[in-house]
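Visitor: just to be clear, the model below is a prediction. Sequence and coordinates:
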Amino acid sequence: MSTSEQLTPQEEFDAPQANQVLNSLKSWKIVIPILIGLGVTAWMFGREYQPGMFDMIQFTGWSVFWLFVSVMAMATRDLGYMARIRVLSDYDISWKSSFRIIMLWEFASAVSPSAVGGTSVALFFVNREGINIGRSTGIVMVTSFLDELFFAITFPVVVFLIGYQNVFGLDDGLISGFAKLAWIGYGLKVSYILVLSYGLFVNPKGLKWLLVQIFKLPFIKRWRSKAEEMGDEIVSTSIYFRHWPFKKWLKAFGATSASWLARYWVANALIVAFFGIHQLGWFDHFVVFGKQLAMWIMMLVAPTPGGAGFAEYIFKEFLAAFIPLGAGVTIALAWRMVSYYPYLIMGVILLPKWISQIKIGHKKSKKA
């Protein structure tokens, strides 16, 4: 019996589970984050508009080049995610399937609150590309683990190298609030890493037992069955990944790091595109990079789908020192146009065709 067969006898989501996932992915849901994001952008623009505020924006042939660089940074980010999911599946997932999974996963994240993300439906995407539920659970769980591990390692290193004051600025009210939000988000990520590491690599059954005991408490016992399911998932994932060779872990973490690092250079490219190569000094580029790392950690607590509204506001405020006065809203909108809205569009394009394909496949399997 193979490792994957040991994980679970169930190969696919049953019909009620599948319908629940598909119902959460309605294309019309893109309207909500778009309205929130554009609404907050319009509010900030109206509050800060001054005659001549666009005069400082330059648009030349070099602007087109740097806009292309920003798009390529996002493409590199997606390519890193695709490479990672292929490594975690032992290359059982093709490049074509990995592209579908990542685009739909990002779409699900874009229409879900940042604190929830698209992880809950990612299992379904991976499973429907031919990976059984046990392995799908492991792939998605380890993907989340690697993302959080990157943040846990990188954030304190970047803050140390760049300087706390350079990342968070002076200790005024707003900046101090940003710093607190970032460290709260970091604490949540580290806590998640520690708990999951213990479950995956030390004592998976012990963590399952602990989860079940915690969810016996009166005010959360309604979710006890979910806790038991999560415990089973941790045990299954541990069976599959705890004996993985170091070389594979290195490949998966390398792809994770390349993906996130590429994403953090998008804002740098956009600032240069609109204000010229001399807008940022060489050290400024690293400060902008460090601030984006902090921003993504802050967005963990955003209650809106894809952080809509919150992301635009925090981008404009947090990077204000590097963007000429009055142009922050414009750059924030350009940043979201490159790093967020494309996933909404790709989801609307891919989702209907993908749903029709899996339904056809389900009908064929029934006939067989």
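Guide: Thanks, I have it.
Visitor: I'd say residue 348 and residue 31 touch.
Guide: No. Under the criterion of C-beta atoms under 8 Å, residue 348 lies out of contact with residue 31, with a separation of 10.7 Å. Yep, even glycine has a C-beta here, placed from its N, CA and C like the rest.
Visitor: more neighbours: which of those two?
Guide: A direct count of neighbours by other C-beta atoms under 10 Å for residue 348 and residue 31 places residue 348 higher, at 14 against 11.
Visitor: that one in helix, strand or coil?
Guide: Three states are possible here, and by DSSP: H, G, I helix; E, B strand; the rest coil the one that applies to residue 348 is helix.
Visitor: roughly how far apart are it and residue 141?
Guide: Residue 348 sits at a distance of 28 Å from residue 141 (criterion: C-beta to C-beta, to the nearest Å).
Visitor: tell me which element residue 125 is part of?
Guide: Assigned by DSSP states H and E, residue 125 falls within helix 119-127.
Visitor: that helix packs against which elements?
Guide: With contacts defined as 3 or more C-beta pairs under 8 Å, 6 or more residues apart in numbering; DSSP states H and E, the packing partners of helix 119-127 are helix 15-23, helix 95-110, helix 133-162.
Visitor: may I see the buried residues of it?
Guide: Applying a neighbour-count criterion of 16 or more other C-beta atoms under 10 Å, one finds 119, 121, 122, 123, 124, 125, 126, 127 buried in helix 119-127.
Visitor: alpha carbons of it, as CSV, please.
Guide: Extracted C-alpha coordinates of helix 119-127, given in CSV (Å, rounded to 0.1, in the frame of the first residue of the first chain):
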residue,chain,number,x,y,z
THR,A,119,-7.3,27.8,2.1
SER,A,120,-10.7,26.2,3.0
VAL,A,121,-11.6,25.8,-0.7
ALA,A,122,-8.0,25.1,-1.9
LEU,A,123,-8.5,21.5,-0.8
PHE,A,124,-11.3,21.1,-3.3
PHE,A,125,-9.2,22.6,-6.1
VAL,A,126,-6.3,20.3,-5.5
ASN,A,127,-8.5,17.3,-5.1
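Visitor: tell me what angle that helix forms with helix 133-162.
Guide: With axes from the mean of the first three to the mean of the last three C-alpha atoms, to 10 degrees defining the directions, helix 119-127 sits at 130 degrees from helix 133-162.
Visitor: one step back: out of the helices and strands packed on helix 119-127, which comes closest to residue 44?
Guide: Nearest to residue 44, of all the helices and strands packed on helix 119-127, is helix 95-110, at 20.6 Å by C-beta to C-beta.
Visitor: the closest one: how far from the chain's middle?
Guide: Taking the mean C-alpha point of helix 95-110 and that of its whole chain, the gap between them comes to 11 Å (C-alpha atoms, centre = their mean, to the nearest Å).
Visitor: cool, stretch 144-163 as well?
Guide: Shown here is stretch 144-163, whose average C-alpha point lies 15 Å from the average C-alpha point of the whole chain (C-alpha atoms, centre = their mean).
Visitor: what's it in contact with?
Guide: Identification of contacts with stretch 144-163 by C-beta atoms under 8 Å, 6 or more residues apart in numbering yields 84, 119, 167, 182, 186, 189-190, 192-193, 196-197, 200, 252-253, 256-257, 260, 286-287, 289-290, 293-294, 296-297.
Visitor: mean confidence for that stretch?
Guide: Computed over stretch 144-163, the mean pLDDT rounds to 92.
Visitor: go through it and flag the buried ones.
Guide: Neighbour-count burial for stretch 144-163 [16+ other C-beta under 10 Å]: 144-152, 154-155, 158-159, 162.
Visitor: again, but for stretch 302-310
Guide: Neighbour counts over stretch 302-310 (16+ other C-beta under 10 Å) mark 302, 304, 305, 306, 307, 308, 309, 310 as buried.
Visitor: which residues sit against it?
Guide: Surrounding stretch 302-310, the residues in contact under the criterion C-beta under 8 Å, 6+ apart are 29, 32-34, 36-37, 39-40, 109-115, 299, 311, 340.
Visitor: go with 7 Å
Guide: With contacts defined as C-beta atoms under 7 Å, 6 or more residues apart in numbering, stretch 302-310 is touched by 32-33, 36-37, 39-40, 109-114, 299, 311, 340.
Visitor: report the lowest-confidence entry in those.
Guide: Across the contacts of stretch 302-310, the bottom pLDDT score, 59, is held by residue 114.
Visitor: which one of the buried residues of stretch 302-310 is nearest residue 98?
Guide: Distances from those to residue 98 were compared by C-beta to C-beta; the smallest belongs to residue 306, at 21.5 Å.
Visitor: adding pLDDT, write the buried residues of helix 119-127 out as CSV.
Guide: Below are these laid out as CSV (pLDDT from 0 to 100):
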residue, pLDDT
119, 69
121, 78
122, 81
123, 80
124, 82
125, 84
126, 87
127, 82
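Visitor: for the stretch 51-200 of the chain, give me the ranges with low pLDDT.
Guide: In the predicted model, the stretch 51-200 of the chain carries pLDDT under 70 at residues 51-55, 113-120, 170-176.
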